[in-house]
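Visitor: below are the sequence and a predicted model; questions follow.
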Protein chains: 2
Amino acid sequence: MGVLVQNLKFDANGLIPAIVQDAETKAVLMMAWMNADSLQRTVETGETWFWSRSRGELWHKGETSSNVQKVVELRYDCDGDTLLVLVNPAGPACHTGEYSCFYRVLAG
Amino acid sequence: MGVLVQNLKFDANGLIPAIVQDAETKAVLMMAWMNADSLQRTVETGETWFWSRSRGELWHKGETSSNVQKVVELRYDCDGDTLLVLVNPAGPACHTGEYSCFYRVLAG
């Protein structure tokens, strides 16, 4: 993990944004934040873990809903300050029950 | 725009993360930040505008590279704190010349 984390830039709060994309449909499901610990757990368990900024705690996606996300691939961007996590989701990504958190159109 | 912005939560710096996805291939191209002004310009011009945190200025994607991104649809997530911008890109999204900024695999 040390080697992996060296390629990444965490922000002043020790966080990095993680975009979660369905590996099959390619839909963007959600965006959440990881710290080094949640990233390590994600890599070790093969399921997504995040840092909940509102609750101030590690958050295993699907812990209560059972809608875990199996990690297929973990990518990072040119600046090393954003992650892209390709997953196979066991169910809806959104707490509203929607498949993707991006279910609303602002314009277009 | 006032109505649109009311649905959104900008962070303490007045910024909101914007995930840019190719409307056709569904590839995630990049993640950048918008403030209310860049969002307004994006909606008005139909091309992506961001706020460059490093340069501290508005940034019209493709201004120097000509690789503008035509906006197909603008979506926002359940919390209203992340944008998803579906685009038709005129060329590579990444300053390295790569089609997507997420061209490197961290694990998987």
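Guide: Noted; the coordinates are in hand.

Visitor: got a list of contacts for the helix ranked longest in chain A?
Guide: The longest helix of chain A (DSSP state H) is helix A:36-45. Residues outside helix A:36-45 that contact it (C-beta atoms under 8 Å, 6 or more residues apart in numbering or on different chains): A:1, A:4-5, A:8, A:10, A:14, A:16, A:34, A:48-51, A:58-60, A:71, A:74, A:83, A:85, B:107. All C-beta spots, glycine's among them, are computed from the backbone N, C-alpha and C.

Visitor: derive a ChimeraX selection command for the buried subset of these.
Guide: A single ChimeraX command selects the buried members of the contacts of helix A:36-45 (16 or more other C-beta atoms under 10 Å in any protein chain shown):
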select /A:8,10,16,34,48,49,50,51,59,60,71,74,83,85
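
Visitor: which of the contacts of helix A:36-45 fall within helices?
Guide: Short answer: those in helices (DSSP H) are A:4, A:5.

Visitor: which of the contacts of helix A:36-45 fall within strands?
Guide: A:16, A:34, A:49-51, A:58-60, A:71, A:74, A:83, A:85, B:107 (DSSP state E).

Visitor: just flag the most distant two among those residues.
Guide: Farthest pair in those (C-beta to C-beta) is A:59 and B:107. Separation: 19.7 Å.

Visitor: up against chain B, what does chain A have?
Guide: Proximity of chain A to chain B, by C-beta under 8 Å from any C-beta of the partner chain, involves residues A:4, A:7-8, A:17, A:19, A:21, A:25-28, A:30-31, A:43, A:71-79, A:82-84, A:86, A:94-96, A:98, A:101-108.

Visitor: residue A:48 and residue A:83, how far apart?
Guide: Distance from residue A:48 to residue A:83, counting by C-beta to C-beta, to the nearest Å: 10 Å.

Visitor: scratch that, residue A:51 is what I was asking about
Guide: For residue A:51, the distance to residue A:83 - C-beta to C-beta - is 12 Å.

Visitor: so for those two, which residues contact both of them?
Guide: With C-beta under 8 Å, 6+ apart, residue A:51 and residue A:83 have common neighbours residue A:34.

Visitor: now the end-to-end length of stretch A:19-27.
Guide: 11 Å (C-alpha to C-alpha, to the nearest Å).

Visitor: thanks again, I'm all set now.
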